[in-house]
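Peer 1: The amino acid sequence is not available; the structure is as follows:
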């Protein structure tokens, strides 16, 4: 475990890496004693700084929500990060790829809450009752760690490698939908298929991931509130982004969302 001075130092290094688009060595190399609690405190330190500067919480994202990623990281539960309002990107405007270090896109459905979720003891039933609608989404992920050489503490400290979110236009009630069985396909600008998946890849059911998140953040004094967007995790592999790329994610029964990069 790190002391407060080292946590502050690590947070500062991540801030500078993001600001200058200059990746740093893994925190797990620079601070061999770092653990998961340190990593979440480092993440929160940078989030609090951004909130103090005028950003607001738009929602949260779940990471490491597939068994494959959990095995790769040697963990048995997901992690999470914050979505802030200045991370919301538009389908209608090109995204400047050079703003990021190593941008990638992931395909997932988004839950938009109409009511706040309970913390401890939150269930899938609570999530469905509180969800006003679900939306097609593309999450833009990035790593401020050189060459994505991340271990668990690295990605948690780095806001779960989150960088942005693009939401589609569709707004669909979860009532009567099989949220654990939505097929999703990612196409490139030529229409060629890039990746394919099913929402069942997210802990068997993405609603399970949202309930986990509500319980997890409660231990840090955080609540998932009405109006928040929650990204439960990707149902496809992550795809690298380059300037000029166009991606369109199509979800069976839910519509589509497009991300354009320049």
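Peer 2: Looks like it arrived, so ask away. Source: prediction; values computed, not measured.
Peer 1: Which strand or helix spans the residue nearest to residue 123 when sequence neighbours are not counted?
Peer 2: The shortest distance from residue 123 to any non-neighbouring residue, by CB to CB, 6 or more residues apart in numbering, is to residue 211 (5.7 Å). Backbone N, C-alpha and C define where each C-beta goes, glycine included. Assigned by DSSP states H and E, residue 211 belongs to helix 206-218.
Peer 1: repeat for residue 196
Peer 2: strand 193-198.
Peer 1: neighbouring strands for that strand, and are they parallel or not?
Peer 2: strand 183-188 (antiparallel) (DSSP bridges).
Peer 1: picking that back up, just the buried positions in the strand holding residue 196, please.
Peer 2: By neighbour count on 16 or more other CB atoms under 10 Å, the buried set for strand 193-198 is 194, 195, 197.
Peer 1: so how far is residue 234 from the second one?
Peer 2: Read it as residue 195. Distance, residue 195 to residue 234, by CB to CB, to the nearest Å: 9 Å.
Peer 1: one step back: and for the strand holding residue 196, what are the contacting residues?
Peer 2: Residues from elsewhere that reach strand 193-198, judged by CB atoms under 8 Å, 6 or more residues apart in numbering: 107, 181-188, 234-237, 239, 247.
Peer 1: now, which of those residues sits nearest residue 15?
Peer 2: Checking those against residue 15 by CB to CB gives residue 234 as the nearest, at 25.7 Å.
Peer 1: Please name the nearest non-neighbouring residue to that closest one.
Peer 2: residue 106 (3.5 Å).
Peer 1: so how far does stretch 106-124 reach from one end to the other?
Peer 2: Start and end residues of stretch 106-124 are separated by 23 Å (CA to CA, to the nearest Å).
Peer 1: Quick one: the helices in the stretch 151-262 of the chain, in order.
Peer 2: 152-157, 206-218 (DSSP state H, counting those that start in this stretch).
Peer 1: Can you lay out these as TSV showing distance to residue 56, mean pLDDT and mean neighbour count?
Peer 2: Converted to TSV, these look like this (distance: least, CB to CB, whole Å; pLDDT from 0 to 100; neighbours: other CB atoms under 10 Å):
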stretch	distance to residue 56	mean pLDDT	mean neighbour count
helix 152-157	22	94	26
helix 206-218	16	94	23
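Peer 1: Reformat those helices as TSV; add distance to residue 80.
Peer 2: Listed next are those as TSV, based on distance: least, CB to CB, whole Å:
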stretch	distance to residue 80
helix 152-157	8
helix 206-218	6
